[in-house]
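Quick one: sequence plus predicted model below, questions after.
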Amino acid sequence: MELGERLLKDDLENRTGARASIISRRGFIGAAATTGVAGLFSPGFVPISGEGSATAAAQIVHPTTTEEVTPFKVDVPQAALNDLKKRLANARWPERETVGDWSQGVPLQKAQALIAYWRDKYDWRRFEARLNAFPQYRTQIDGVGIHFIHVRSPHQNALPIILTHGWPGSVVEFMEVIGPLSDPTRYGGRAEDAFHVVVPSLPGFGFSDKPVETGWDVNRIARAWATLMPRLSYERWVAQGGDWGAGVTHALAHQRPPGLIAAHVNWQFVFPEKLPENPTPAEQRAIEGASRFANDWSGYFREQATRPQTIGYALADSAAGQALWIYEKFQAWTDNHGNPEDELSTDAMLDDISLYWFTDTAASSARIYWENTRAGKAGASGGRIELPMAASVFPHEIFVPPKAWAEALWPNLFYWNELDRGGHFAAFEQPKLFTDELRNAFRSRRA
Amino acid sequence: MKDGLEHRAEIAVPVNSRRNFMRTAAVTAGAGLLLEGLDLISAQESGKKAPLLVFPAATKDVTPFKVHVTQAALDDLKQRLANIRWPNKEPVTEWSQGVPLGKAQALVEYWRTRYDWRRVESTLNGLPQFRTQIDGLGIYFIHVRSKHENALPIILTHGWPGSIIEFLQVIGPLTDPTAHGGKADEAFHVVIPSLPGFGFSDKPTEAGWRLPRIANAWAALIARLGYSRYVAQGGDWGAGVTSWMAKQREPGLAAIHLNLPILFPPPPPPPAGYTAAEQGAVAQLVKYGSDGSAYASIQGTRPQTLGYGLADSPVGQAMWIYEKFQAWSDNKGDPAEAISVDHMLDDISLYWLTDTAASSARLYYESFAKDFVRMTLDMPVAVSIFKGNLFVPPKVWGDQTYSKLFYWNEVPKGGHFAALEQPELFVAELRKSFAQVR
């Protein structure tokens, strides 16, 4: 094809995120012409003029990935930091809630306090440096560039583990456990409990690419992870996850790729197909947790599962909107006394929120709900799993299943521990407990 | 001139909300703000630079009102639209993940460069507008009396994501029928309020503004205007308010008309099972529940959280609404087939300029699960079913719900936003049905 067409094609791919994440005015006009995007009027359509040059300059661009494992460093453009501050300074607020608690969502006072802190006190470069102190990479799997942290233990016989985050989490959740897991003797542990640690970003999240086609449900992600581990030369490994990471981990357990010897989840999808007629108190608690989620906590889930693009416009354009969409879950799902700051530091929460903001992943991360709902993989019944399974049950998880339910579905359940502290974001909230759990769980699985 | 100056809304700082903020800060000693070395947010902070619309406090008088959005607010909107940060494109080819990026960008471009708020503002200001305080809340309404003294008073109630904008084209035909292909004895005196938390009405500061309370407020409004016999009409939330007016047998209410009869959950099936027509409507309800109702779910449970993104991003606010113009109007894929782009943006702009994303969502928190449900009514009920609506129930469900169902007509064109999409057909429905009530 001739050069002009080639440039147009590249710009179109760029615009749709297949390669870099740059959005260019020329690309859009090109796309509008070639794809016949009619917009509002068929003839005489006025193409978009300014896409806000400041905003365009603030976009993060990823180099194209290949099947090589390419080192990666985070480097958010200063223009993006400046753009964020401006948006936060210019936030337009709704009036306050008509209730005295969090029952309509994040209270206005809390919201404004968080945004003021993010605008005036939070330091992204601190976190960026911390992240860049870990070895990070990107590699293309099944057409999508996957970002991951990979820390090899100094102990050669360490057990390889892949840790998968969920929504609204990210690799940020594992910052405090990577060191203790990979280098235990530096953190009060034993060499025999060392892990080689792999922490990917889900497709559409963080520094992974945003898929441009449908189909990226937990099954496909699991297959990608099963490609990643051998690519890193691991022939014998374990998997761990919470939230969507638990979904991926359950899927991996079903798929049983060669090399996967066991899995650990901090959220257990072990609801029976048919609920018991006379539930025990523990069963009743689990049922009530799930009911409460369905009746009152699932608005975000249903919106993201049905219209991720629509909600994406507000969250991509409003930093405050993105922040509070996430912050609400830090309050609702953690083990706290009413405020999320009881359990997570403001800086840590903003590390996570900033990652969503700078990578413009509101819509792409929401799509995981759409994909898995369509695939029937968004429920609490993960079915029978033969693979050896381990579970850590944190008391403030969204629902806490009784051990008997896991025993009914997982014939090779080899570890079950119920903790007295911690919630949905287990590693994020309780890194020491979480680290101990993985050491204890997998001790019996080492060769 | 003096009246005009008194009632123009030009003040940059939201007086009511700042007062509330300071009261709250005093009561809680600002405790919620003292996190890890934060400073107490000052009142100026909440005022912000983005100019907001504020109205003089309503009283029990019926006070004339004119809309005047400051140029600063319009400039602020344009600036935000010029600086949008977009999500990536949907990986599907149609609307199944929400508004497609290409459509979103096209609408925004029009809004930013071609749309003229002053046009609808001047249309509104050419109508008699008022605010009055009812049950502690300032309620905005348009009130146009017919020149025909014996006209039938009617109160028309909008819904979400609608507004008074939906009715602007029907005011003339309803009040002045002889100038619009009708007869003098078809005239109405027209009252069109904004729901609490919508448009130019106040935003409630306390919980409890459920549909029955709004219904009572509407009855009080009608009485304050001196009408002793009237009818009520509504679709969407407006149908909810109107149904509650009938349920509560508001004094003077002679009959109601609904363009969305609230027949959900449906009556139980007869012994032989639902007929094909009933099954079709059941399927529509199931589809709505599983795929089309997430907006109601989030608005009904976390209106404040949702509100932050919508209050701060005009494209966010616009797409939240535009999606429903596409999903619920009678079109073949493009909402502009059913509703003009200017009218859609009139409505969207009203939500944006009044900062009513959260307050309008709160009505779902108050009433969606509890009050917006099928209930039997024993007052005269008329129903017009616009076939392009997302819910097209069979008459037999109406028969089982409305003991005095005196009119049921299926209109072949038009959808959820009936008055906006098909003003002539909508007017014809009201003339025909209410002819029996005069």
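Everything's here; your move. The structure displayed is predicted, hence computed values, not measured ones.

C-alpha from now on. contacts and neighbour counts both.
OK.

Strands of chain A, residue ranges please.
For chain A, the strands defined by DSSP state E occupy A:70-72, A:136-141, A:144-151, A:159-164, A:195-200, A:237-241, A:260-265, A:389-393, A:413-418.

Dump these to a markdown table, plus distance to chain B and mean pLDDT.
Converted to a markdown table, the strands of chain A look like this (distance: least, C-alpha to the nearest C-alpha, whole Å; pLDDT from 0 to 100):
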| stretch | distance to chain B | mean pLDDT |
| --- | --- | --- |
| strand A:70-72 | 22 | 98 |
| strand A:136-141 | 18 | 98 |
| strand A:144-151 | 13 | 98 |
| strand A:159-164 | 23 | 99 |
| strand A:195-200 | 21 | 98 |
| strand A:237-241 | 26 | 98 |
| strand A:260-265 | 28 | 98 |
| strand A:389-393 | 27 | 98 |
| strand A:413-418 | 31 | 98 |
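
Export the ones you listed as a markdown table, with columns for mean neighbour count.
Below are the strands of chain A laid out as a markdown table (neighbours: other C-alpha atoms under 10 Å in any protein chain shown):
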| stretch | mean neighbour count |
| --- | --- |
| strand A:70-72 | 15 |
| strand A:136-141 | 22 |
| strand A:144-151 | 24 |
| strand A:159-164 | 26 |
| strand A:195-200 | 25 |
| strand A:237-241 | 24 |
| strand A:260-265 | 24 |
| strand A:389-393 | 25 |
| strand A:413-418 | 17 |
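
would you turn those strands into a markdown table with distance to B:Lys432?
Output for the strands of chain A, formatted as a markdown table (distance: least, C-alpha to C-alpha, whole Å):
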| stretch | distance to B:Lys432 |
| --- | --- |
| strand A:70-72 | 71 |
| strand A:136-141 | 65 |
| strand A:144-151 | 60 |
| strand A:159-164 | 63 |
| strand A:195-200 | 65 |
| strand A:237-241 | 63 |
| strand A:260-265 | 64 |
| strand A:389-393 | 65 |
| strand A:413-418 | 68 |
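
Which one, of those, ends up nearest to B:Asp176?
Among the strands of chain A, the nearest to B:Asp176 by C-alpha to C-alpha is strand A:144-151 (63.0 Å).

What is the distance between the closest one and the centre of its chain?
Strand A:144-151 has its C-alpha centroid displaced from the chain centroid by 13 Å (C-alpha atoms, centre = their mean, to the nearest Å).

ok, and what's touching that strand?
A:64-66, A:134-140, A:178, A:182, A:196-203, A:206-211 (C-alpha atoms under 8 Å, 6 or more residues apart in numbering or on different chains).

partners of it in the sheet?
strand A:136-141 (antiparallel), strand A:195-200 (antiparallel) (DSSP bridges).

and A:Asn266, which of these is closest to it?
strand A:195-200 (15.7 Å).

CA atoms of that closest one as PDB?
What follows is strand A:195-200, C-alpha atoms only, in PDB (Å, rounded to 0.1, in the frame of the first residue of the first chain):
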ATOM      1  CA  PHE A 195       9.300 -17.600  45.900                       C
ATOM      2  CA  HIS A 196      10.100 -16.300  42.400                       C
ATOM      3  CA  VAL A 197       7.400 -13.700  42.100                       C
ATOM      4  CA  VAL A 198       5.500 -12.800  38.900                       C
ATOM      5  CA  VAL A 199       2.900 -10.000  39.200                       C
ATOM      6  CA  PRO A 200       1.200  -9.200  35.900                       C
END
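
and the angle for that strand with strand A:159-164?
20 degrees (axes from the mean of the first three to the mean of the last three C-alpha atoms, to 10 degrees).

gap between strand A:195-200 and the chain center?
That offset, for strand A:195-200, works out to 15 Å (C-alpha atoms, centre = their mean).

That strand to strand A:237-241, inter-axis angle?
Going by the same axes, to 10 degrees, strand A:195-200 makes 50 degrees with strand A:237-241.

can you give me the strands for the stretch 301-438 of chain B?
Ranges of strands in the stretch 301-438 of chain B, per DSSP state E, counting those that start in this stretch, are B:381-386, B:405-411.

out of those strands, nearest to B:Gly138?
strand B:381-386 (29.2 Å).

Dump the closest one to CSV, keeping only the CA atoms.
C-alpha atoms of strand B:381-386 as CSV (Å, rounded to 0.1, in the frame of the first residue of the first chain):
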residue,chain,number,x,y,z
VAL,B,381,-56.8,6.3,34.0
ALA,B,382,-55.9,6.9,30.4
VAL,B,383,-53.0,5.2,28.8
SER,B,384,-51.2,5.8,25.5
ILE,B,385,-48.7,3.1,24.5
PHE,B,386,-46.1,4.5,22.1
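
low-scoring stretches of the chain, by residue?
Assuming you mean chain A. A:1-57 (pLDDT under 70).

not what I meant, chain B
B:1-52.

quick one, domains of it?
Following the assignment in automatic domain parsing, chain B carries domains at B:1-49, B:60-438.

for the last one, the distance to its chain's centre please.
Distance of domain B:60-438 from its chain centroid, counting by C-alpha atoms, centre = their mean, is 4 Å.

cool, stretch A:248-255 as well?
17 Å.

what does that stretch contact?
Outside stretch A:248-255, the residues touching it (C-alpha under 8 Å, 6+ apart) are A:164, A:218-219, A:221-223, A:226, A:239-241, A:260, A:262-265, A:382, A:385-387.

again with stretch A:369-379
A:214-218, A:247, A:269, A:301, A:304-308, B:97.

so B:Glu80 makes contact with B:Pro314?
Careful, residue B:80 is Arg; it's not Glu. Yes - if you go by C-alpha atoms under 8 Å, B:Arg80 and B:Pro314 touch, sitting 7.1 Å apart.

Compare these two and say which is more crowded by neighbours.
B:Pro314 (27 against 20; other C-alpha atoms under 10 Å in any protein chain shown).

thought that one was touching B:Ala82?
No - between B:Pro314 and B:Ala82 there is no contact under C-alpha under 8 Å: 10.6 Å.

can you list the residues of the stretch 201-350 of chain A near chain B?
A:210-214, A:296-300, A:302-303, A:306-322, A:324-325, A:328, A:341, A:346 (C-alpha under 8 Å from any C-alpha of the partner chain).

one more time with 7 Å
Within the stretch 201-350 of chain A, the positions near chain B by C-alpha under 7 Å from any C-alpha of the partner chain are A:212-214, A:296, A:299-300, A:302-303, A:306-310, A:312-318, A:320-322, A:324-325.

now swap in the stretch 51-200 of chain A and tell me
Counting by C-alpha under 7 Å from any C-alpha, the stretch 51-200 of chain A sits next to chain B at A:51-52, A:55, A:90-95, A:97-99, A:103-106, A:109-110, A:113, A:117.

Swap in 6 Å and give it another go.
A:Gly52, A:Ala91, A:Arg92, A:Trp93, A:Pro94, A:Thr98, A:Gln104, A:Gly105, A:Val106, A:Ala113 (C-alpha under 6 Å from any C-alpha of the partner chain).

How much space separates the closest residue to A:Ile146 other than its chain neighbours from B:Pro161?
Closest residue to A:Ile146 apart from its sequence neighbours, by C-alpha to C-alpha, 6 or more residues apart in numbering or on different chains: A:Ser208 at 4.5 Å. Distance, A:Ser208 to B:Pro161, by C-alpha to C-alpha, to the nearest Å: 36 Å.

Repeat that for B:His68.
Distance, B:His68 to B:Pro161, using C-alpha to C-alpha: 22 Å.

What of A:Pro281?
Distance from A:Pro281 to B:Pro161, by C-alpha to C-alpha: 44 Å.

and those two? which has more neighbours close in?
Regarding A:Pro281 and B:Pro161, a neighbour count based on other C-alpha under 10 Å identifies B:Pro161 as having more, with 21 against 10.

Name the helix or strand for the more buried one, please.
For B:Pro161, there is no host helix or strand (DSSP states H and E).

ok, now which ones touch the residue nearest to A:Ile146?
Counting by C-alpha atoms under 6 Å, 6 or more residues apart in numbering or on different chains, A:Ser208 makes contact with A:Gly145, A:Ile146, A:His147, A:Ser201.
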